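*Asks:* Sequence plus the predicted model coming up.
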Amino acid sequence: MNVTRSDHVVAESLAVRPSHPRRLAVISALAGTLLAVVWSYEFVDHIIGDTVANGLLGHDAKATAIGGTVAGLLFAFVSGLAGTFTACNIAMAASIGPMSQASATGRTHGALRHLLRPVGWLTIGMVIVAGVYGFIGVLVGDRMPQLSTATSGGMPVRLWQSAVVFGVVGLAFVYLGLAALDILPDPFARRPVARVVVLGALVGAFLIGRPYPLFNKLFHWAVDSGNPLYGAGAFILQSLGNIVVVTALFALIVVLSRGRFIDWFAGNPARTMAITGALLVALGTFTVVYWDVRLPAMFGHGWFPTMPWNAR
């Protein structure tokens, strides 16, 4: 029997695909939806976020005015760290898989290089978007919907902006996840580093939709300063604060395993695709469902199940 080159290519492709990728995608999407149902923004935003910010700053972060440039930049970083686990940032955890994949490419030797390579690429994408938005945000000022106190259809205008931005970002995560599972075309199949840079840009874009009260306070401070460079710097620091915990977790895994985790992760392409795709689909679905289904339902636009701990 004659075996053509195309037959070999197909066989190789099937060999590295995860088992039942569509089933894995559906399970991941259901997990993301369930997370959106049980998510408690009161606990995450107020108990975790406010407690962390107040403890690090040494005062009530919401009630105390930001006094000066240094205080403002410190507030930016601390409020970013405090907002790590909020609904407008948790999808960033999906970057663990792609960062591990990117770390395994190229000629990296030693735990430190395994760590610095993917974190650096993620930071580049994030800093560019956050810095540009901070610069433009100060120039536009109070005309930004994100700073508006008006309502439309019974829902604050700033939350409409959140719904649009996080809907787009969430769909981008889902697409990247389905592409990683080889269900959709993957533009980064041979460029895992580019995937990490794009994910960094999406993490930076979280600021464009973020309604988190401490970020809103920072945004107003930046606009009041009238200096777009302050806005760029503050937004960059806010985003850097957002990734501290995930970076620390990734660093801990890499250092404790002396880089062997990366080798294990990359040693089985099917496993790499499965973990990366599942994380992206799950947290992308969470982002879309939470911001485009659950949030509007809170203001009478549609219906969404309400847990006892989330009753308004």
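*Replies:* Received, thanks. Bear in mind that the values here come from a model prediction, so they are computed numbers and not experimental data. Residues are numbered from 1 along each chain as shown.
*Asks:* Select the longest helix from the protein.
*Replies:* helix 111-140 (DSSP state H).
*Asks:* List the contacts of whatever helix or strand comes next after that one.
*Replies:* Under the assignment DSSP states H and E, the closest C-terminal helix or strand after helix 111-140 is strand 151-152. Contacts to strand 151-152, defined as C-beta atoms under 8 Å, 6 or more residues apart in numbering, come from residues 157, 160. C-beta: built from backbone N, CA, C; applies to glycine.
*Asks:* Partner strands of strand 151-152, with direction?
*Replies:* strand 155-156 (antiparallel) (DSSP bridges).
*Asks:* Output the contacting helices and strands for the helix or strand containing G80.
*Replies:* Assigned by DSSP H and E, G80 falls within helix 69-82. Judged by 3 or more C-beta pairs under 8 Å, 6 or more residues apart in numbering; DSSP states H and E, helix 69-82 is in contact with helix 51-57, helix 213-225, helix 228-242, helix 244-256.
*Asks:* Report the distance from the first one to the chain centre.
*Replies:* Its chain's C-alpha centre lies 22 Å from the corresponding centre of helix 51-57 when counted by C-alpha atoms, centre = their mean, to the nearest Å.
*Asks:* What of the last one?
*Replies:* Mean C-alpha position of helix 244-256 versus that of the full chain (C-alpha atoms, centre = their mean) differs by 16 Å.
*Asks:* quick one: it to helix 69-82, angle?
*Replies:* Angle, helix 244-256 to helix 69-82, by axes from the mean of the first three to the mean of the last three C-alpha atoms, to 10 degrees: 70 degrees.
*Asks:* Give me the mean pLDDT for helix 244-256.
*Replies:* For helix 244-256, the mean per-residue pLDDT is 79.
*Asks:* Identify the residues contacting the helix holding G80?
*Replies:* The contact list for helix 69-82, computed with C-beta under 8 Å, 6+ apart, reads 48-50, 52-53, 56-57, 61, 66, 212, 214-215, 217-218, 221-222, 225, 230, 233-235, 237-242, 244-245.
*Asks:* chain center to that helix, what's the gap?
*Replies:* On C-alpha atoms, centre = their mean, the centre of helix 69-82 falls 19 Å from that of its chain.
*Asks:* so A65 sits in a strand?
*Replies:* No: assigned with DSSP: H, G, I helix; E, B strand; the rest coil, A65 falls outside any strand and is coil.
*Asks:* TSV for the helices and strands packed on helix 69-82, including mean neighbour count and distance to V203?
*Replies:* Below are the helices and strands packed on helix 69-82 laid out as TSV (neighbours: other C-beta atoms under 10 Å; distance: least, C-beta to C-beta, whole Å):
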stretch	mean neighbour count	distance to V203
helix 51-57	16	19
helix 213-225	20	14
helix 228-242	24	7
helix 244-256	16	9
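*Asks:* Just the CA trace of the helix or strand containing P296, in CSV.
*Replies:* Of the helices and strands defined by DSSP H and E, P296 is found in helix 295-298. Listed next in CSV are the C-alpha coordinates belonging to helix 295-298 (Å, rounded to 0.1, in the frame of the first residue of the first chain):
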residue,chain,number,x,y,z
LEU,A,295,-24.2,41.8,34.7
PRO,A,296,-27.1,43.0,32.4
ALA,A,297,-29.5,40.6,34.2
MET,A,298,-28.7,42.5,37.5
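*Asks:* Show me the shaky parts of the stretch 1-150 of the chain.
*Replies:* The stretch 1-150 of the chain contains residues with pLDDT under 70 at 1-16, 97-115.
*Asks:* do that again at 50, thanks
*Replies:* Scanning the stretch 1-150 of the chain for pLDDT under 50 picks out 1-15, 107-108.
*Asks:* which SS class is the closest residue to P185 other than its chain neighbours?
*Replies:* Spatial nearest neighbour of P185, excluding adjacent residues (C-beta to C-beta, 6 or more residues apart in numbering): A179 at 6.4 Å. Three-state call for A179 (three-state DSSP): helix.
*Asks:* ok, A179 to A297 distance?
*Replies:* Using C-beta to C-beta, to the nearest Å, one gets 30 Å for the distance from A179 to A297.
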